[in-house]
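Undergrad: Sharing a sequence plus its predicted fold:
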Amino acid sequence: MIALEKTHPREGLWQVTAPVPEIGPDDVLIRINKTGICGTDIHIWNWDDWAAHTVPTPLITGHEFAGEIVEIGSNVQDLALGQRCSGEGHLIGKTSRQSRAGKFHLDPATRGIGVNEQGAFAEYLRLPAFNVVPLPDEISDDIGAILDPLGNAVHTALSFDLVGEDVLVTGAGPIGIMAAAVARHVGARNVVITDVNPDRLALAARVADVVPVNVLEQDMASIMPGLKMKQGFDVGLEMSGNQAALDQMVEAMTMGGRIAMLGIPPGKSPVDWSRIVFKAITIKGVYGREIFETWYKMIAMLQNGLDVSGVITHRFKARDFADGFAAMKSGSSGKVVLDWT
Ligand code: NAD
Ligand code: ZN
């Protein structure tokens with residue numbers, strides 16, 4: 001089969017011919033139709049310090065996918081050949097305290113496809129049947145291929161009750177934009193999204209009913225009166241990984257505000273803790289998606305009017321993957337989807 005592999009420990013990815021994976025009794029084999037390129041894949045392409053310390057070579061990369069089941073292990077009862085599916089890319093252990101409590105997304109022994117294990121940038125993927133998420137007919141393969149990052153957005157956005165609340169999203173990357181759309185869908189009062197990149201803010205305004213703010217041009221305090229806000233934001237969703245954005249968020253929060261942090265700052269990031277203490281702010285770190293509650297909720301929302309399709313800005317044939325990575329690296333794209341059919 002054709003696959004995209006991190007063959008050498010340096011910048012780039014290489015198209016290779018690899019054997020179709022053999023499945024075990026608890027696995028399925030998925031023929032991949034579409035894949036999404038993630039920020040993680042860009043780290044792996046660039047071979048930064050994180051990638052060099054985390055990713056073995058050679059390794060087939062990629063973890064955002066939609067496809068169809070073409071082979072089923074002998075122990076697998078509840079899946080059928082031809083079933084369209086996406087799936088959770090975190091392969092969890094079953095022995096930790098967290099897993100045994102049903103908090104699978106908190107298992108410390110988690111391994112990621114396309115990061116630690118063979119991934120989805122390939123014509124075929126082996127996946128434990130446990131990780132498969134069947135796709136209903138009304139969810140396309142394009143959307144199926146971005147359920148992984150939509151899951152990050154949903155998990156973060158649903159960290160706190162958003163009904164009637166004023167919500168600030170910092171960072172209008174694909175995940176921030178989808179989180180803003182989710183906040184709007186579940187009944188937030190105002191949803192403001194910030195960035196420093198006008199292309200990203202314009203994309204946010206096309207995809208979701210949000211107020212875009214370029215923090216290089218406008219300060220947060222000046223926009224609040226127009227939104228009938230007296231104090232500050234009730235809920236913050238940090239989706240940039242940028243230290244200045246977190247500072248701005250803490251400043252813009254109301255007393256007793258709640259912040260969910262998905263963005264990953266590069267290294268240690270100083271924070272004004274006294275502001276956080278005196279404002280009595282709650283901060284929650286968010287990792288991945290809840291397995292499988294986030295998957296359940298996002299599919300239910302997609303079936304009931306949540307529309308994030310506009311966040312996909314580029315589509316390429318898999319063989320043109322270099323163009324797809326270039327679009328992602330431009331910093332102005334939304335999601336980039338590769339077609340393996
Ligand atoms: P992205 O890099 O595409 O988007 C980040 C955006 O933040 C960019 O548009 C950038 O211009 C903007 N930004 C930079 N400085 C800013 C500032 N001062 N104020 C507001 N915005 C600013 O990222 P993404 O793919 O959308 O992912 C969002 C974040 O979530 C990233 O940090 C990523 O590493 C992280 N992430 C975390 C998890 C997890 O499990 N915790 C999973 C996936 C992604
Ligand atoms: Zn991803």
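TA: Thanks, I have it. Numbering: from 1, shown residues only. Ligands and ions are numbered 1, 2, ... in the order given.
Undergrad: contacts and neighbour counts: CA atoms only from here.
TA: OK.
Undergrad: State whether Ala327 is indeed within a strand.
TA: No. Counting by DSSP: H, G, I helix; E, B strand; the rest coil, Ala327 is not part of a strand but helix.
Undergrad: And for Glu290, the neighbour number?
TA: 21 (other C-alpha atoms under 10 Å).
Undergrad: Would you mind measuring from it to His90?
TA: Using C-alpha to C-alpha, to the nearest Å, Glu290 is found at 11 Å from His90.
Undergrad: so what sits against both of these two?
TA: Common neighbours of Glu290 and His90, using C-alpha atoms under 8 Å, 6 or more residues apart in numbering, are His105.
Undergrad: For the stretch 51-200 of the chain, which residues are neighbours of ligand 1?
TA: 152, 170-176, 194-197, 200 (C-alpha under 6 Å from any ligand atom).
Undergrad: Which of these fall within strands?
TA: 170, 194-195 (DSSP state E).
Undergrad: I'd like those laid out as a markdown table, including neighbour count, distance to Trp273 and pLDDT.
TA: As requested, these are exported to a markdown table (neighbours: other C-alpha atoms under 10 Å; distance: C-alpha to C-alpha, whole Å; pLDDT from 0 to 100):
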| residue | neighbour count | distance to Trp273 | pLDDT |
| --- | --- | --- | --- |
| Thr170 | 30 | 19 | 98 |
| Thr194 | 31 | 22 | 98 |
| Asp195 | 23 | 23 | 98 |
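Undergrad: so which of these would you say is closest to Gly267?
TA: Relative to Gly267, the closest of these is Thr170; by C-alpha to C-alpha it sits at 18.5 Å.
Undergrad: Give me the neighbour count for the closest residue to Arg100 other than its chain neighbours.
TA: Nearest residue to Arg100 in three dimensions, chain neighbours excluded: Lys94, at 6.5 Å (C-alpha to C-alpha, 6 or more residues apart in numbering). Neighbourhood size, Lys94 [other C-alpha under 10 Å]: 15.
Undergrad: I'd guessed Lys94 sits against Ala101; true?
TA: No. The criterion here is C-alpha atoms under 8 Å, and Lys94 misses it with Ala101 at 9.8 Å.
Undergrad: hmm, back to that, which among the residues of the stretch 51-200 of the chain next to ligand 1 count as buried?
TA: The neighbour count (16 or more other C-alpha atoms under 10 Å) marks 152, 170-176, 194-197, 200 as buried among those.
Undergrad: Next one: the spatially closest residue to Val211 that is not a sequence neighbour relative to Gly241, how far apart?
TA: Distance criterion C-alpha to C-alpha, 6+ apart; nearest residue to Val211, sequence neighbours excluded, is Val192 at 4.6 Å. Going from Val192 to Gly241 by C-alpha to C-alpha gives 17 Å.
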